[in-house]
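[1] have a look at this prediction, sequence included:
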Amino acid sequence: MKGIRKSFGGLEVVSGVDLHIKDQEFVVLVGPSGCGKTTLLRMIAGLESISGGELLIDGQVMNRVRPDERGLAMVFQSYALYPHMTVADNMSFALRLAKVSKAERDRKVNDAAKILQLDHLLQRRPAQLSGGQRQRVAIGRAIVRDPKVFLFDEPLSNLDAALRIQMRIELARLHKQLSATMIYVTHDQVEAMTMADRIVVVNKGVIEQLGTPMEIYQNPSTVFVAGFIGSPKMNLFEADTALENGQAVAILDNRGQRIPLPVDPPRGARVTLGIRPEALNVDSQGPLGGEITVIEHLGGETLTYIDIGNGKLATVKTGEASLGQVGDTVRVSFPPDRLHVFGPDGRALLNHRNH
Ligand SMILES: Nc1ncnc2c1ncn2[C@@H]1O[C@H](COP(=O)(O)OP(=O)(O)OP(=O)(O)O)[C@@H](O)[C@H]1O
């Protein structure tokens, strides 16, 4: 995609997207509702016209090529299966339209059914299938067409939590097995983290950050990405800054606690500090402290919420054991390299001392 834009009437919803997706890559477009990710996918598919810029597949400009001539297959959130047809007929329908011989159709449907473990369901109709099985039929319909690229539009959002996890694993396995290029749209950052080779974080019609899941998790380039990727959410605290004895410090709003900064922000700048919940540890000398207000036991992990002043909560994530009891006062600290500092424009400030 080169400078891809999309306007509906006077409203621009995609504002200049540059993105190179490699052959056999699994790329996940993730972002909040209304950010433009579905519109981007639909422009790739040819279901939506492109207002500006160029879309190329294998070096060929595709802007005006018909959807069925782009060599893509799309799997929708709604599955879009034909209710009156059997699973086998649903899967072979596009091949029949393309005048593929019956023998070839049967071979492709059987191969796909084997991969998706649908062999024993080929004669059923969609109404006789579970949600997960229907989703697998929708994927099977894409597989039989041997597309250059698979496009997925929130394919798991109608499934219950357990089935979503199972399908996530199956899709990752399918990606390896088919060595296919896949572009996957979701608002669920866990799906993005677990399945993607690279994540594209979209916000307000532009790419906010692009990288491997761990790159994005460890080095979010903006406050938006920091808050969006990661569960539980990264702790974000606004603070004033000052120079004290030659050391830049952040002064938290609530109790004037001081936190030494690894970067020198512009003089007098207000910054946002970011610390992941798992980076906080109990430390009687720690810079953050207050009363424990809520403890959530999730089994293997525990979330402790500490009121650090003015009702601002710090979330701490630990293993099975909690930090204390509700009502206890605790202090916490964090390794200096786990502190993220974002400037007034929301962009990460670089660590000048290390560069
Ligand atoms: N046909 C249309 N006409 C006018 N505006 C549209 C149209 N389709 C989408 N939009 C607007 O474009 C913006 C982006 O929509 P899009 O569906 O791409 O968002 P999204 O990130 O996929 O959100 P969601 O996760 O809710 O589907 C939204 O503000 C939406 O209201």
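    Happy to help now that I have it.
[2] so T194, which state does it fall into?
    helix (DSSP: H, G, I helix; E, B strand; the rest coil).
[3] how many neighbours does it have?
    T194 is flanked by 15 other residues according to other Cβ atoms under 10 Å. (Each C-beta comes from the backbone N, C-alpha and C, glycine too.)
[4] do the same with D283
    D283 has 14 nearby residues by other Cβ under 10 Å.
[5] my read is that it contacts P335, right?
    No. Judged on Cβ atoms under 8 Å, D283 makes no contact with P335 at a distance of 10.7 Å.
[6] for the residue of the chain positioned farthest from its centre, give me its contacts.
    Here the centre of the chain is the reference, and by Cα atoms, centre = their mean the most remote residue is N245, at 42.0 Å. By Cβ atoms under 8 Å, 6 or more residues apart in numbering, the contact set of N245 is empty.
[7] and S231, how far is that from L118?
    From S231 across to L118, the span is 32 Å (Cβ to Cβ, to the nearest Å).
[8] among the two, which residue is more densely surrounded?
    Just comparing S231 and L118: by other Cβ under 10 Å the higher neighbour count belongs to L118, 22 against 11.
[9] quick one: that one from D106, how far?
    14 Å.
[10] also E215?
    44 Å.
[11] if you count neighbours, what's buried in the longest helix that the chain contains?
    The longest helix of the chain (DSSP state H) is helix 161-178. By 16 or more other Cβ atoms under 10 Å, the buried positions in helix 161-178 come out as 163-164, 167-168, 170-171, 174-175, 178.
[12] swap in stretch 179-191?
    So for stretch 179-191, counting by 16+ other Cβ under 10 Å, buried means 180-189, 191.
[13] turn the residues you listed into JSON lines, columns for pLDDT.
    Formatted as JSON lines, the buried residues of stretch 179-191 follow (pLDDT from 0 to 100):
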{"residue": "A180", "pLDDT": "89"}
{"residue": "T181", "pLDDT": "95"}
{"residue": "M182", "pLDDT": "96"}
{"residue": "I183", "pLDDT": "97"}
{"residue": "Y184", "pLDDT": "96"}
{"residue": "V185", "pLDDT": "96"}
{"residue": "T186", "pLDDT": "94"}
{"residue": "H187", "pLDDT": "91"}
{"residue": "D188", "pLDDT": "92"}
{"residue": "Q189", "pLDDT": "91"}
{"residue": "E191", "pLDDT": "92"}
